[in-house]
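>>> Model the structure of this input:
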Amino acid sequence: MTKKKLLGYFFMGIAALAAFVIMLAFLVILFDALKGGASRLNWEFLTEAPRKGMTEGGIFPAIYGTVLLVLIMTIVGIPLGTMTAIYLSEYSNERSGVAQWVRFAVANLAGVPAIVFGLFGLGFFVQFLGAGLDAVLSPDEPVWKKPSLLWASMTMAMLTLPVVIVSVDEALRNVPREYREASLALGATKWQTIWNVVLPNATGGILTGAILAISRGAGEVAPLLFTGAAFFLPKLPNSLDDQFMHLGYHLYVLATQSVNVEATLPIQYATTLVLLALTFMLNLTAIIVRFRFRRKLSRA
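Numbers count the residues shown, from 1 in each chain. Okay, the predicted model is just below:
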């Protein structure tokens, strides 16, 4: 056996060991959550609002708020990240100063702590943009200069933007250049080539970016502390300027702010299970869509 093959097997073994450790840790967490919270899971818990200091009732407002946040975040973040990646991959020159600055900004944003995004959302969206909207639309009664579902979603979209840009950019670059050349040779414009040839072949990568964004956006809590999540809000948000409950923040409140933490332990475990299941279902939906796109593309 050659040295090259031995080295390949070695790194393959390291990767397999890392995957095993991650799965083992996940299963331990899942087992612990099931053990502590399975008895608390019932229809009432999933469909009712919390009562009596969140020690009774359910977590439906938190489920609703989390799903709504992720959907709005995805609607804002995925198109913006995709357009940025299209510019970097298809239009910009590698030596262009603008493209280099964009790549530099994306690389730096990827390493910024989530709490900093929360402060950015509070300063830019709430106090600057929200105040500007109120000055124009409702000068007598402030509507947008406050934490809300819209500003929290926008902040989370900014948080997940680097993940989407990097994933989509890589997917676009993996589309063979011959596809572009053949389309252009047949008389298609550059945009027609991107829309009809490049993007369909990069759909898997775009949806991969969406999956990663959903996974991070559904679990982050720090930015929501400043931009829209409510401590206790039994009613559902009716508009984009309302505050909302979030599963992650609800879990944080139960673990740190409850007058009797021990009494809320089953609720904490059950909320963890619901958050894991919700994130899994959102990711599974994106995975199914990606699989269908790939199958449809392979048949074409």
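
>>> quick one, phi/psi of the residue nearest to D241 when sequence neighbours are not counted?
Excluding its sequence neighbours, the residue lying closest to D241 (Cβ to Cβ, 6 or more residues apart in numbering) is S148, at 4.6 Å. Every residue, glycine included, has its C-beta placed from N, CA and C. Backbone torsions of S148, given as degrees, to the nearest 10, read phi -160, psi 170.

>>> so who does S148 touch?
126, 130, 227-228, 240-243 (Cβ atoms under 8 Å, 6 or more residues apart in numbering).

>>> cool, and K190?
Counted by Cβ under 8 Å, 6+ apart, K190 has contacts 90, 184.

>>> For the stretch 201-300 of the chain, which residues score under the pLDDT cut-off?
297-300 (pLDDT under 70).

>>> Do a quick rundown of the helices in it.
Remark: helices assigned in the stretch 201-300 of the chain by DSSP state H, counting those that start in this stretch are 203-219, 224-227, 247-256, 265-299.

>>> which residues of the stretch 51-200 of the chain score low on pLDDT?
53.

>>> Show me where it has its strands.
Ranges of strands in the stretch 51-200 of the chain, per DSSP state E, counting those that start in this stretch, are 56-57.

>>> Next, count neighbours for I59.
Number of residues near I59 (other Cβ atoms under 10 Å) recorded here: 26.

>>> So it is in contact with L46, correct?
Yes: here I59 lies in contact with L46, judged by Cβ atoms under 8 Å, at a distance of 7.3 Å.

>>> shared neighbours of the two, anything?
Common neighbours of I59 and L46 (Cβ under 8 Å, 6+ apart) are V274.

>>> Name the member of the contacts of S148 with the most neighbours.
In the contacts of S148, the most neighbours by other Cβ under 10 Å go to G228, 32 neighbours.

>>> measure the nearest residue to it once chain neighbours are set aside to G81 for me?
Nearest residue to G228, sequence neighbours excluded (Cβ to Cβ, 6+ apart): A152, at 3.2 Å. Noted for A152: a distance of 18 Å to G81, by Cβ to Cβ, to the nearest Å.

>>> higher neighbour count, these two?
Set A152 next to G81 and count neighbours by other Cβ under 10 Å: A152 wins out with 30 against 26.

>>> Quick one: residues contacting that one.
Counting by Cβ under 8 Å, 6+ apart, A152 has contacts 69, 121, 223-224, 227-229, 244.

>>> Next: G132.
Contacts of G132 (Cβ under 8 Å, 6+ apart): none.
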